[in-house]
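Student: could you look at this predicted model? Sequence included:
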Amino acid sequence: MTSKVIKVAVAGNPNTGKTTLINALAGTNLHVGNWPGVTIEKKEAHFKYKDYEIHLIDLPGTYSLSNNTAEEKIAVEFLIKEKPDVVIDVVDSTNLERNLYLTIQLLELELPVVIALNMWDEAKAKGIEIDHKKLEKLLCVKAVPTSAVKGEGVQELLEAVVQIYEKKEKSHCTLHFEDDLEEELKQLIRKIEKVQPVLLDLYPKRYLVLSLIEGNTSFIDIPISDELNREIQKLRERLQKLYHKDPVTIIVEERYSIIISIYEQVVKKHPVKTVDITFLLDRLFLHKVLGLPIFFFFMWLLFEFTFELSAPYVDWLDSILGNVIAPAVSQWLYEAGASPWLRSFVTEGIIGGVGFVLVFVPVLFFLYVFMAFLEGSGYMARAAFLMDRFMSVLGLSGKSFIPMIIGFGCNVPAVYATRTLENPKEKILTVLMIPFMSCGARLTVYAFFVTIFFTQHKTAVIMFLYLLGITVAVIVAFILQKLYFKTQSYPFILELPPYRLPTIRFILRNAWIKTKAFLYEAGTFILATSVVIWFLLHFPTDVKKTEDSVFGMISKTIAPVFEPLGFGNWQAAGALMSGFVAKEVVIATMGNIYSGEAIKEEEVQEINLKERLKEAGEGFIQANIEAGKKLLTLFGLISTQETGEEEDETDNSLIEAVRSAFTPLTAFSFLVFLLLYTPCMATVFAIKQELNSWKWAGLSILISFTSAWITTFIIYNIGKAVL
């Protein structure tokens, strides 16, 4: 039996808990992408409920359907042209009066609506009593109390969706404006019936006439006749004379008069003696002096927790790939009679490529976990507010700072985080700044080089590199803003939600949805590029040394570009070229190049798969134990010595080879260039997806490479002059 498909659109104001409710409805079936032609995030989900298949579409958060912003245009276009079977209108029960404006406009679209009275538990705690049954009668729609965070009312909401779908009923209430205005609307409808009746066939009658009066007509696909335009202008003039107000203001006030009437009938407020936690915390977190230090402390905690807690799982995944999957596949291929070339391709090219993707997963997941906590708690909105004054100098708002902070963990999710920026120019400028933020992958290369060349000044060198990245990003943004974008700083209006304690379920689900989106969006591209690089390293097939491969020949060709920077040999060029795949592979490439190893035929050793799987299971348990110890160490409950950590032994032959190939100055120049040059391919792909253009992805590479070359050239030559 074929399931009935119900197309459900979810609408609501920002900060109404819409995302949390969608997660509660859809679970991990949620898929994240972009709306066609724009960079605004689109979430969709398909899931089964009883005998129905629910197709859920999350509309951008909007305060109205006035068709002014990009989010409003998307919502209006979808609701009018796609005609969903049911619209779930998510409202904040603690702020019903403001949220009902969108509800009124949804009813003007003549669509079947069910209201989700979200944050019902918070409203009760604040002494707000809502008569939802009376609200249903006044609006002629179903209203379901919900608490998305606690999962309350979710089943009832789905039942209401099914019931509305089966009845095929729209709201049969007519929300009347003042009599004279209603008469004018009727006259305009009659005029449209005579002059251009096709408009009434294509668009909802009431929303159409109100939009024509307001001048919000971009959703209308056919030209409006001159005669009708003249009638609309006459009507506006009559309204101006009758009410002594602009027609748009008249319509807004009429809607609010209906809202106030409904609100006064359904809402009662009871005094509750509670401490306003939001007010008390904001006095501390938004303090003029203490606000920024507290913010930077939280950011330090975020990255400290992210990298420390993810490290054991990164090592475990690496051991799974290197000790279980790759050897097992290689052995199976050997027994099947596969050639050494094919075995190398599968184990190094394909499995190795997958490894580049998987190495991001623990880091990203923990980063998303802590970001979800900060976002769900309401703090990240405060962080954007704090940084607004500084960012306005660059023509950006405080919102731009959040993706840049995320960039210190990984540039890929930082690029995706720019989806919250409404201004297209601001978004592009922010995306172009992100690659200069030193991600965690670069840190592994820094650590290797400073251990060899700057033993006494490790912290100072690494801190300088991080600050240099920020400085170059600011300079580049300032130049672009003056020469090309010419953006201006607009007043930063941001609604600060109340502080909440997000549930573990919300945090984990939110983190997994975003991690899964990364795997889908960037993983396939990384894998494909990794395979290409493997072919370059092993072609021609009879190549004996990396230097003689296509990879080596390309490296020799581009090496002169780096000569003025102090490291113009093909080995350094090749390492940087491989860093385009992922910055952490630079050291692995150096290990192959500088050690001068020939490309050897892979030796296949028989393995005990059962024993290896047992070790993998034990390794996972040990990874959890190590993560627990690291957590206790971060809180100061146990000392570093008690964790039983041992330093990794670095390949001494590689250290000697690198030490002989670089001087301290050229090594420092190499690190500066590594910091600033082209973003990794995952970031480039994310830029292409987010800005919907290869032009901006290519421009990002050009700007980064040019900035890296100029900055490194200056630093290297200053160093030569001083030393």
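Tutor: Alright, I've got the coordinates.
Student: so which bits of the strand or helix carrying E182 are buried?
Tutor: Per DSSP states H and E: E182 is located in helix 179-195. Residues L181, E184, L185, L188, K191, I192, V195 are the ones in helix 179-195 that count as buried (16 or more other Cβ atoms under 10 Å). No exception for glycine: its C-beta is placed from N, CA and C like everyone else's.
Student: and the helix or strand that it is followed by, what does it pack onto?
Tutor: As assigned by DSSP H and E, the chain's next helix or strand after helix 179-195 is helix 198-202. Contact partners of helix 198-202 among helices and strands, from 3 or more Cβ pairs under 8 Å, 6 or more residues apart in numbering; DSSP states H and E: helix 179-195.
Student: hmm, back to that, want to throw the buried residues of helix 179-195 into a markdown table with distance to G378 and pLDDT?
Tutor: Below are the buried residues of helix 179-195 laid out as a markdown table (distance: Cβ to Cβ, whole Å; pLDDT from 0 to 100):
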| residue | distance to G378 | pLDDT |
| --- | --- | --- |
| L181 | 40 | 91 |
| E184 | 44 | 90 |
| L185 | 41 | 91 |
| L188 | 44 | 92 |
| K191 | 49 | 92 |
| I192 | 46 | 93 |
| V195 | 51 | 91 |
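Student: out of those, which comes closest to V248?
Tutor: L181 (12.7 Å; Cβ to Cβ).
Student: in contact with that closest one, which residues?
Tutor: L181 is in contact with L239, I250, E254, counting by Cβ atoms under 8 Å, 6 or more residues apart in numbering.
Student: which one of those sits closest to F177?
Tutor: Of all the contacts of L181, F177 sits closest to E254, with 4.1 Å by Cβ to Cβ.
Student: check which helix or strand the closest one maps to.
Tutor: Using DSSP H and E, E254 falls in helix 247-266.
Student: same thing with I6?
Tutor: If you go by DSSP H and E, I6 is part of strand 4-12.
Student: tell me the strands beside that strand, with direction?
Tutor: Here strand 4-12 is paired, per DSSP bridges, with strand 52-58 (parallel), strand 86-92 (parallel).
Student: now mean pLDDT, distance to P293 and mean neighbour count too, for these, in a markdown table please.
Tutor: Output for the strands paired with strand 4-12, formatted as a markdown table (pLDDT from 0 to 100; distance: least, Cβ to Cβ, whole Å; neighbours: other Cβ atoms under 10 Å):
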| stretch | mean pLDDT | distance to P293 | mean neighbour count |
| --- | --- | --- | --- |
| strand 52-58 | 92 | 37 | 20 |
| strand 86-92 | 95 | 32 | 26 |
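Student: can you redo those strands as JSON lines with distance to L100?
Tutor: JSON lines is the format used below for the strands paired with strand 4-12 (distance: least, Cβ to Cβ, whole Å):
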{"stretch": "strand 52-58", "distance to L100": "20"}
{"stretch": "strand 86-92", "distance to L100": "7"}
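Student: all strands of the chain, in order?
Tutor: 4-12, 31-34, 41-49, 52-58, 86-92, 113-118, 128-130, 142-145, 267-269 (DSSP state E).
Student: neighbours of M119, how many?
Tutor: M119: 29 surrounding residues under other Cβ atoms under 10 Å.
Student: okay, it: pLDDT?
Tutor: Turning to M119, the model gives it a pLDDT of 92.
Student: quick revisit: closest to A116 among the contacts of L181?
Tutor: Minimum distance to A116 across the contacts of L181 is 25.6 Å, recorded for E254 (Cβ to Cβ).
Student: can you tell me how far that closest one is from V266?
Tutor: E254 sits 19 Å away from V266, going by Cβ to Cβ, to the nearest Å.
Student: for E178, same thing?
Tutor: 22 Å.
Student: need the contact list for K556.
Tutor: By Cβ under 8 Å, 6+ apart, the residues touching K556 are E547, W570, A573.
Student: at 7 Å what do you get?
Tutor: K556 makes contact with W570, according to Cβ atoms under 7 Å, 6 or more residues apart in numbering.
Student: pLDDT score for it?
Tutor: 91.
Student: ok, now I452?
Tutor: Value for I452, per-residue pLDDT: 88.
Student: burial count for it?
Tutor: Per other Cβ under 10 Å, the neighbour tally for I452 reads 16.
Student: just F662 next, same as before
Tutor: For F662, using other Cβ under 10 Å, the count is 21.
Student: how near is it to N95?
Tutor: According to Cβ to Cβ, F662 and N95 sit 60 Å apart.
Student: what do you get for D179?
Tutor: As judged by Cβ to Cβ, D179 and N95 stand 30 Å apart.
Student: quick one: closest of the strands paired with strand 4-12 to L394.
Tutor: Nearest of the strands paired with strand 4-12 to L394, taken as Cβ to Cβ: strand 52-58 at 31.1 Å.
Student: tilt between the closest one and strand 41-49?
Tutor: Between strand 52-58 and strand 41-49, the angle comes out at 170 degrees (axes from the mean of the first three to the mean of the last three Cα atoms, to 10 degrees).
Student: residues in contact with strand 52-58?
Tutor: By Cβ under 7 Å, 6+ apart, the list of residues contacting strand 52-58 from outside reads 3-10, 22, 25-26, 43-47, 162.
Student: re the thing from before, now render the buried residues of helix 179-195 as a markdown table, adding distance to S397.
Tutor: Formatted as a markdown table, those follow (distance: Cβ to Cβ, whole Å):
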| residue | distance to S397 |
| --- | --- |
| L181 | 38 |
| E184 | 40 |
| L185 | 38 |
| L188 | 39 |
| K191 | 44 |
| I192 | 41 |
| V195 | 44 |
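Student: so which two of the residues you listed are the farthest from each other?
Tutor: By the measure Cβ to Cβ, L181 and V195 form the most distant pair in these, at 20.9 Å.
Student: just the buried residues of the contacts of strand 52-58.
Tutor: Among those, those classed as buried by 16+ other Cβ under 10 Å are I6, K7, V8, A9, V10, I22, L25, A26, K43, A45, F47, V162.
Student: and which of those residues is nearest L394?
Tutor: Among those, and counting by Cβ to Cβ, the member closest to L394 is K43, at 30.2 Å.
Student: name the nearest residue to that closest one, sequence neighbours excluded.
Tutor: D58 (3.9 Å; Cβ to Cβ, 6 or more residues apart in numbering).
Student: so how far is F297 from that neighbour?
Tutor: D58 is 34 Å from F297, by Cβ to Cβ.
Student: and for F478?
Tutor: From F478 to F297 the distance is 28 Å (Cβ to Cβ).
Student: how long is stretch 101-120 end to end?
Tutor: Chord length of stretch 101-120, first to last residue, is 19 Å (Cα to Cα, to the nearest Å).
Student: in that stretch, what's buried?
Tutor: By neighbour count on 16+ other Cβ under 10 Å, the buried set for stretch 101-120 is 101-109, 111-120.
Student: let me see the mean pLDDT of stretch 613-629.
Tutor: Stretch 613-629 carries an average pLDDT of 82.
Student: kindly report the same for stretch 473-490.
Tutor: On average, stretch 473-490 scores 77.
Student: what's it in contact with?
Tutor: S392, L394, G395, K425, E426, L429, L432, M433, F436, M437, I703, S707.
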